[in-house]
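1. Sequence plus the predicted model coming up.
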Amino acid sequence: MVETTLNSPVPQIVRDLKEGSVLSVVIEVSQSATRMKTIVAKDESGRTAGALTPPGLVTIINCMEQGFKYEAVVLEKVVGGLVRVRIQPRA
């Protein structure tokens, strides 16, 4: 488990989040020549709420590529655009 904040939060999505909301953690691959991998948090409708850049990002991506699944749980009431989450294995 690791705590972090959503980067580049999408206002239309995060305004509906509250403490305890659960987001899916998904790998995205850039369309550029580098094919850079990142992880994003998505709501239950599959809309991207924001990017995640926690410590251990590469380890999480490697685990996900091996089949492990993660979720991001909102830790506190969303104020403005700041959304703190805990990334944890999905049960």
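-> On my side now, so go ahead.

2. ok now do residue 90, which residues does it touch?
-> With contacts defined as C-beta atoms under 8 Å, 6 or more residues apart in numbering, residue 90 is in contact with 69-71. (Each C-beta comes from the backbone N, C-alpha and C, glycine too.)

3. change it to 10 Å
-> Each residue near residue 90 by C-beta atoms under 10 Å, 6 or more residues apart in numbering is listed here: 22, 24-25, 68-72.

4. Relative to residue 81, how far out is residue 11?
-> When distances are taken as C-beta to C-beta, to the nearest Å, residue 11 and residue 81 turn out to be 7 Å apart.

5. list the helices and strands the worst-scoring helix or strand of the chain on mean pLDDT packs on?
-> Averaged element by element with mean pLDDT, DSSP states H and E, the chain has its least confident helix or strand at helix 11-14 (a mean of 91). Helices and strands in packing contact with helix 11-14 are listed as strand 37-42, strand 48-52; criterion 3 or more C-beta pairs under 10 Å, 6 or more residues apart in numbering; DSSP states H and E.

6. what's the closest of those to residue 61?
-> Nearest to residue 61, of all the helices and strands packed on helix 11-14, is strand 37-42, at 5.4 Å by C-beta to C-beta.

7. got the CA coordinates for the closest one in PDB?
-> Included here for strand 37-42 are C-alpha records, laid out as PDB according to Å, rounded to 0.1, in the frame of the first residue of the first chain:
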ATOM      1  CA  LYS A  37       3.800   3.400 -19.400                       C
ATOM      2  CA  THR A  38       1.900   5.300 -16.700                       C
ATOM      3  CA  ILE A  39      -0.900   4.400 -14.400                       C
ATOM      4  CA  VAL A  40      -4.200   6.200 -14.000                       C
ATOM      5  CA  ALA A  41      -7.200   6.000 -11.700                       C
ATOM      6  CA  LYS A  42     -10.600   5.400 -13.300                       C
END
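
8. Alright, calling it a day.
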